[in-house]
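K.L.:
next comes the sequence, and after it the predicted model I'd like to discuss.
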Amino acid sequence: MVTHDIHYRETSARLTCRRRYLEPAWQALRAAHDQLRAYISQDRNFLHSFSFVNCSPAAPRIAVHMAAAAGNAGTGPMAAVAGAIGLAVVGALAEAGAKHVVFENGGDITMILERAVTVGIYCGPRGPQGLGLRINTLGRITACCTSSGTVGHSFSYGRADAAVVLADDPVLADATATALGNRLRYPGTRSLKAALQNTPHQGVRTMIAVMDGKVAYQGETPAWLITRPFPCPDQKEIRHVPA
């Protein structure tokens, strides 16, 4: 098992898999990018829209999947691009026989596991430190996707330190994380819970909202892993609240 930096066009990712799957991963990554670039050259609205887009009949499967997932979440199709690329790569390796693959692309992680892994949630220098999830969904593709309004360069209407979504469809997980992050605009536990309840979540297993030292979730109870104390002097301000 090796961890390898994999870069192609706009994708800068880290891939953990057995060495023999590196070349098939490159091929899948290039094919996914080439299909999307060819389609976007004909449909610029697909690239720029922040809302649902109807794909043309000639659209490749990856574009149709992105548009459908984004439509369900209430975002534009490019909100799901990292999840779509991740699914293309991990799906290709699973078909080739890989049992354990982790593809991390800018905070969006697509994986197929034969043993549990721990995923850290980075919430920025002012957010909770040492927060993570134990992922033990084995034998099938699953995803943990994160959006943020305070960390990274991706556009968000909100100001979440982290909006995290777990789902078996990486494309839906990515789009829903963006949608949740867009709704996290105001501090306070009540606001976090409202954002979770108002974000479409059909097909999603867990949604987690982190903002201003507070943590709330909706869906399956996540397995928290706190490796270091939170930097907040009053631990009562750190709340793991089911929505």
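P.N.:
Thanks, I have it. Numbering: from 1, shown residues only.

K.L.:
for stretch 92-106, what is the distance to the chain centroid?
P.N.:
Taking C-alpha atoms, centre = their mean, to the nearest Å, one finds the center of stretch 92-106 at 15 Å from the center of the full chain.

K.L.:
and that stretch, C-alpha only, in PDB?
P.N.:
Extracted in PDB, the C-alpha atoms of stretch 92-106 (Å, rounded to 0.1, in the frame of the first residue of the first chain):
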ATOM      1  CA  ALA A  92     -12.400   2.200 -11.700                       C
ATOM      2  CA  LEU A  93     -10.000   0.700  -9.200                       C
ATOM      3  CA  ALA A  94     -12.800  -1.200  -7.400                       C
ATOM      4  CA  GLU A  95     -13.800  -2.700 -10.800                       C
ATOM      5  CA  ALA A  96     -10.100  -3.600 -11.300                       C
ATOM      6  CA  GLY A  97     -10.200  -5.600  -8.000                       C
ATOM      7  CA  ALA A  98      -8.900  -3.000  -5.400                       C
ATOM      8  CA  LYS A  99     -10.200  -3.700  -1.900                       C
ATOM      9  CA  HIS A 100      -8.800  -0.600  -0.100                       C
ATOM     10  CA  VAL A 101      -8.500   2.800  -1.800                       C
ATOM     11  CA  VAL A 102      -8.600   6.300  -0.300                       C
ATOM     12  CA  PHE A 103      -8.800   9.300  -2.700                       C
ATOM     13  CA  GLU A 104      -8.600  12.700  -1.000                       C
ATOM     14  CA  ASN A 105      -9.200  15.700  -3.200                       C
ATOM     15  CA  GLY A 106      -9.200  19.000  -1.400                       C
END
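
K.L.:
buried set for that stretch?
P.N.:
92-94, 98, 100-106 (16 or more other C-beta atoms under 10 Å). From N, CA and C alone the C-beta is placed, and that goes for glycine too.

K.L.:
confidence-wise, which of these comes last?
P.N.:
When the buried residues of stretch 92-106 are compared by pLDDT, Gly106 scores lowest at 85.
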